[in-house]
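Peer 1: Below: sequence and its predicted model.
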Amino acid sequence: MSTDGPGDRHLGRAAGQPGAADWARGAVAVVTGGTSGIGRATAQAFAAAGAAVVVAGRRSREGAEVVDELTARGAEALFVPTDVAEETQCARLVATTLERFGRLDIACNAAGRSSASGGRGRVDTPDAPVELWDEVMTVDARGTWLAMKHQLRPMVEQGSGVIVNVASVAGLVGIPGSSAYVAAKHAVVGMTKAAALEVAALGVRVNAVCPGPVHTPMLDELFAAQPERREAYRLATPLQRPAEPAEVAAAIVSLSSPAGSYLTGAAIPIDGGWTAR
């Protein structure tokens with residue numbers, strides 16, 4: 001792959017923009033949490049747009065499956081086992097990307113976990129174990145921050161790049177029984193805004209998407225632990241259904257493309273109207 005800087009061409013600062021189908025050709029994208037759900041759909045979408053994709057996640061078997069799928073479609077793809085809660089692994093992810101492809105143009109940080117992980121039901125704040133707080137904050141908040149920390153360095157050095165963090169509608173509103181998750185996703189929105197201000201003049205954009213319910217294994221786990229939330233979420237969503245992962249991925253790709261060239265520091269709800277009420 002050429003290491004000639006795609007910068008302006010991919011980030012939408014040039015007058016002549018490539019076609020919508022291949023705007024990312026020559027770019028390199030990293031997707032954390034890329035082995036399932038929103039992350040997997042985003043890896044697929046970036047590959048379809050022409051990018052080389054580095055898939056990061058903790059599950060090697062699923063990671064290999066995603067890479068095999070992308071390469072079968074003609075994309076360049078690489079899996080790097082990564083626990084985003086560990087700084088050395090975040091640093092290794094970026095270093096491996098640079099060693100293989102020579103640059104980093106786009107990063108989507110989709111790794112996360114919910115308060116229902118482990119089969120928990122609703123846990124109100126007075127009853128929540130501190131271990132729950134630590135588990136959720138470590139992956140969702142610390143992991144996103146560590147990933148961004150290391151992704152931003154090469155982007156700043158090359159003078160171009162885009163990061164999209166996957167927050168949640170829980171980063172914009174409160175959800176009872178999920179205080180740790182709500183706190184973590186509010187933290188993701190806050191760190192997105194802070195980082196965006198830090199690098200705006202350096203050619204790098206940072207945004208967040210805030211999905212409502214999305215048809216992923218995480219949502220299935222939540223509904224299994226808290227069956228009452230299935231109907232509650234349907235009633236709270238004016239579109240009356242969960243999103244599909246590809247619908248969230250489409251928004252992430254748009255934010256990363258020339259179409260999003262004047263967006264930075266934004267936290268965009270993709271929630272079927274949840275926060276419009």
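Peer 2: Thanks, I have the structure now.

Peer 1: which residues in this structure form helices?
Peer 2: Using DSSP state H, the helices of the chain run over 7-11, 37-48, 60-72, 87-101, 130-136, 143-158, 179-199, 217-225, 228-236, 245-256.

Peer 1: now the fifth one: how far from the chain's centre is it?
Peer 2: Between the mean C-alpha point of helix 130-136 and the mean C-alpha point of its chain there is a distance of 21 Å (CA atoms, centre = their mean, to the nearest Å).

Peer 1: just to revisit the earlier point, which one of the helices of the chain has the most crowded surroundings?
Peer 2: Sort those by mean neighbour count, taking mean count of other CB atoms under 10 Å, and helix 37-48 sits at the top with a mean of 26. To be clear about C-beta, it is placed using only N, CA and C from the backbone, and glycine gets the same treatment.

Peer 1: I'd say E221 and S114 touch.
Peer 2: Yes. Look at E221 against S114 with CB atoms under 8 Å: they come within range, at 7.0 Å.

Peer 1: contacting residues around S254?
Peer 2: Counting by CB atoms under 8 Å, 6 or more residues apart in numbering, S254 makes contact with G260.

Peer 1: Give me the distance between it and L263.
Peer 2: Here the distance between S254 and L263 works out to 9 Å (CB to CB, to the nearest Å).

Peer 1: Show me what counts as buried in stretch 24-39.
Peer 2: Within stretch 24-39, the residues scored as buried using 16 or more other CB atoms under 10 Å are 24, 26-39.

Peer 1: Which ones among those lie within strands?
Peer 2: Judged by DSSP state E, the subset of the buried residues of stretch 24-39 located in strands is V28, A29, V30, V31, T32.

Peer 1: ok, of the residues you listed, which one's closest to A208?
Peer 2: The shortest approach to A208 among those belongs to T32, at 13.8 Å (CB to CB).

Peer 1: In this protein, which residue sits furthest out from the middle?
Peer 2: What lies farthest from the middle of the chain is P126; by CA atoms, centre = their mean that is 30.5 Å.

Peer 1: G177 versus that one, what's the distance?
Peer 2: Distance of P126 to G177, given as CB to CB: 11 Å.

Peer 1: Can you lay out the ones in strands among the buried residues of stretch 24-39 as JSON lines showing pLDDT and distance to L98?
Peer 2: Converted to JSON lines, those look like this (pLDDT from 0 to 100; distance: CB to CB, whole Å):
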{"residue": "V28", "pLDDT": "98", "distance to L98": "9"}
{"residue": "A29", "pLDDT": "98", "distance to L98": "13"}
{"residue": "V30", "pLDDT": "98", "distance to L98": "10"}
{"residue": "V31", "pLDDT": "98", "distance to L98": "16"}
{"residue": "T32", "pLDDT": "98", "distance to L98": "16"}
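
Peer 1: R113 against D134, yeah?
Peer 2: No. The criterion here is CB under 8 Å, and R113 misses it with D134 at 11.5 Å.

Peer 1: shared neighbours of the two, anything?
Peer 2: Residues touching both R113 and D134 by CB under 8 Å, 6+ apart: none at all.

Peer 1: Between the two ends of stretch 198-205, how far is it?
Peer 2: Its start and end residues considered, stretch 198-205 measures 10 Å (CA to CA, to the nearest Å).

Peer 1: Sorry, slip of the keys, the one I care about is stretch 106-123.
Peer 2: 36 Å.

Peer 1: In this structure G34 contacts A110, no?
Peer 2: Yes. G34 is within contact range of A110, at 6.9 Å (criterion: CB under 8 Å).
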